[in-house]
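I'd like to go over a predicted model; first the sequence, then the structure.
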Amino acid sequence: MHFLFAWRYFKAKKSTNAINIIAWTSVVAITIGTAALILVLSVFNGFEGLVKSLYSNFYPDIKVQPASGKVLQLTAEQLSKLKAVKGVKIISLVTEEKAFVQNGDYQSVVYLKGVDENYRFISGVEQHLMNGNYKLGNEASPLLILGAGVESALGVQADRNIYPLRIHLPRKSEGTSFDQLNDISNDTINTAGTFLIQQDFDNKYAITNIYFTKKAMKLAADEYSAVEIAVNDPKKADDMIQPIQQLLGKEYKVLNRYQQNRSLYAVMNMERWAIYGVLSLILVVAAFNMIGALTMLVLEKQKDISILNALGAHKGFIQKVFLSEGFLLAIVGGITGMILALIIAFLQIQFHLIPLEGGSFLINYFPVKLRWQDFVLVSATVFVIALLASWVPSRKAASQAFSLRGE
């Protein structure tokens with residue numbers, strides 16, 4: 001019943017035109033705020049998905065690394081059992097160490113990653129070669145695939161470099177004192193190609209074969225830096241963490257893709273809530289308009305309130321009438337804003353109407369990804385703001401004295 005009264009007040013022409021103007025201003029503000037929140041969150045979802053897809057081209061579904069130190073030991077029997085774990089598709093053994101690379105007067109410190117022949121099936125490096133070929137060579141004649149940023153820092157063209165690069169790696173040392181001759185390797189290496197994935201990788205990684213790095217670092221046959229694992233169903237990767245951990249023991253750390261990039265996910269989550277908080281201010285502005293419109297409506301409907309009181313309507317009923325009026329303003333604005341956001345998002349997805357300026361991105365338009373969770377979040381936000389904005393005017397309407405005497 002109280003909603004019916006609110007609907008009649010919403011449709012009825014007000015005696016003072018200012019009430020209509022303020023009410024519809026609040027509806028428009030809610031519409032704009034709702035549409036802006038959904039669209040910006042959807043664009044953020046698009047960029048988030050793009051970044052995650054780029055990172056998934058370099059980070060594996062599951063990674064096994066030592067719980068402490070930089071080197072882990074895995075016997076042939078352990079590797080065989082690891083391959084037999086249900087859901088494991090393929091594993092790749094890797095070594096990783098910082099290396100100092102020189103090309104004449106050019107030099108750079110890189111993360112040198114030695115990988116086996118299975119690595120090309122786990123990572124997307126081969127699919128993101130900018131030039132050259134995916135060739136890693138062998139222990140005697142190693143080849144290097146450079147990140148695009150590393151290539152630039154060294155002043156080479158990896159697919160046509162004539163002179164080999166000089167590379168130095170720290171070796172596993174048995175003693176406590178540092179011996180430059182024995183604890184630092186000194187080798188030359190040719191380049192085969194360049195990959196371009198994401199700046200974090202392109203500026204610091206170089207990839208070669210594991211046999212060269214194990215020899216240069218003086219690692220034993222069963223010593224590695226990590227094991228990278230691809231699974232049959234990436235969505236079930238989390239369920240495989242515990243079986244692998246139980247198989248290998250506490251000396252090993254088993255990480256899913258989120259745990260390998262914990263800081264990245266934390267930053268993206270923080271940015272999402274920051275964007276949500278800032279854009280919610282538009283709805284707060286709409287709330288002030290709503291308070292003004294409802295307050296003026298209460299003043300105009302004093303005689304109606306008195307009649308309702310005389311007919312036996314309790315204060316709670318009158319309060320619900322004006323709360324419902326505020327919710328009607330929010331519902332009209334919220335639904336209109338969602339429809340507007342859906343239309344704009346659909347046009348952007350289909351026709352890429354809004355471009356990304358600069359020409360240095362992997363895509364040339366703003367990516368958009370709609371998620372139902374965003375619609376639920378924005379709906380809840382509109383509901384809460386409407387409740388808070390309607391509360392004071394509705395309480396005032398319910399608590400005022402009434403009189404049926406004519407003026």
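Here it is on my side, so go on. Numbering: from 1, shown residues only.

what sits opposite Lys253 in the beta ladder?
Gln65 (DSSP bridges).

ok, Ile167 next?
With DSSP bridges as the criterion, Ile167 is bridged to Val101, Asp187.

check the gap between it and Val368 for me.
44 Å (C-beta to C-beta, to the nearest Å). (Each C-beta comes from the backbone N, C-alpha and C, glycine too.)

check the gap between the spatially closest residue to Ile282 that is not a sequence neighbour and Arg166 for me.
Leaving aside its sequence neighbours, Ile282 sits nearest to Gly33 (C-beta to C-beta, 6 or more residues apart in numbering; 3.5 Å). Distance, Gly33 to Arg166, by C-beta to C-beta: 60 Å.

and if you look at Gln245?
41 Å.

now swap in Asn256 and tell me
38 Å.

higher neighbour count, those two?
Asn256 (19 against 15; other C-beta atoms under 10 Å).

show me the contacts for the more buried one.
61-62, 237-238, 241 (C-beta atoms under 8 Å, 6 or more residues apart in numbering).

for Thr191, same thing?
So Thr191 contacts 132, 143-146, 151, 156, 158-159, 161, 165 (C-beta under 8 Å, 6+ apart).

swap in Leu144?
158, 165, 167, 189-192, 206-208.

let's go with 10 Å and repeat that
99, 101, 110, 112, 135-137, 150-151, 154, 156, 158, 161, 164-165, 167, 189-194, 206-209, 212 (C-beta atoms under 10 Å, 6 or more residues apart in numbering).

filter those residues down to just the ones in strands.
Under the assignment DSSP state E, those contribute 99, 101, 110, 112, 165, 167, 189-194, 206-209 to strands.

which among the residues you listed count as buried?
99, 101, 110, 112, 165, 167, 189-194, 206-209 (16 or more other C-beta atoms under 10 Å).

so which of the residues you listed comes closest to Ser399?
Comparing those against Ser399 with C-beta to C-beta picks out Val110 as the nearest, at 72.3 Å.

how close does Trp391 get to Ala226?
57 Å.

these two - which one has more neighbours?
More crowded of Trp391 and Ala226, by other C-beta under 10 Å: Ala226, with 22 against 16.

might one say that the more buried one is in contact with Lys63?
Yes - using C-beta atoms under 10 Å, Ala226 is in contact with Lys63, at 5.7 Å.

overlap of the contact sets of those two?
Common neighbours of Ala226 and Lys63, using C-beta under 10 Å, 6+ apart, are 94, 253, 255.

now list the buried members of those residues.
Using 16+ other C-beta under 10 Å as the burial test, those include 94, 253, 255 as buried.

so the first one, which of the three states?
Read it as Val94. strand (DSSP: H, G, I helix; E, B strand; the rest coil).

skipping its backbone neighbours, what lies nearest the residue positioned nearest the centre of the chain in space?
The centroid of the chain falls nearest to Glu48 when counting by C-alpha atoms, centre = their mean (3.7 Å). The shortest distance from Glu48 to any non-neighbouring residue, by C-beta to C-beta, 6+ apart, is to Met268 (5.6 Å).

how about that neighbour, secondary structure?
Criterion first, three-state DSSP; result for Met268: helix.

then Leu283?
Per three-state DSSP, Leu283 ends up helix.

and the buried ones among the ones in strands among the contacts of Leu144, which is closest to Glu357?
Nearest to Glu357 among these is Thr194, at 25.9 Å by C-beta to C-beta.

mind listing what's buried in stretch 322-342?
322-334, 336-338, 340-342.

circling back to that earlier point, ok, the buried ones among the ones in strands among the contacts of Leu144 vs Ile363, which is closest?
Nearest to Ile363 among these is Thr194, at 20.6 Å by C-beta to C-beta.

you'd agree that closest one is up against Asn131?
Yes - between Thr194 and Asn131 there is a contact under C-beta under 10 Å: 5.3 Å.

between those two, which contacts overlap?
By the contact definition C-beta under 10 Å, 6+ apart, Thr194 and Asn131 are jointly contacted by 148, 151, 157-159.

so who does Gln199 touch?
54, 147-149.

measure Lys52 to Pro367 for me?
In this view, Lys52 and Pro367 are 12 Å apart by C-beta to C-beta.

out of those two, which sits in the more crowded spot?
Pro367 (20 against 17).
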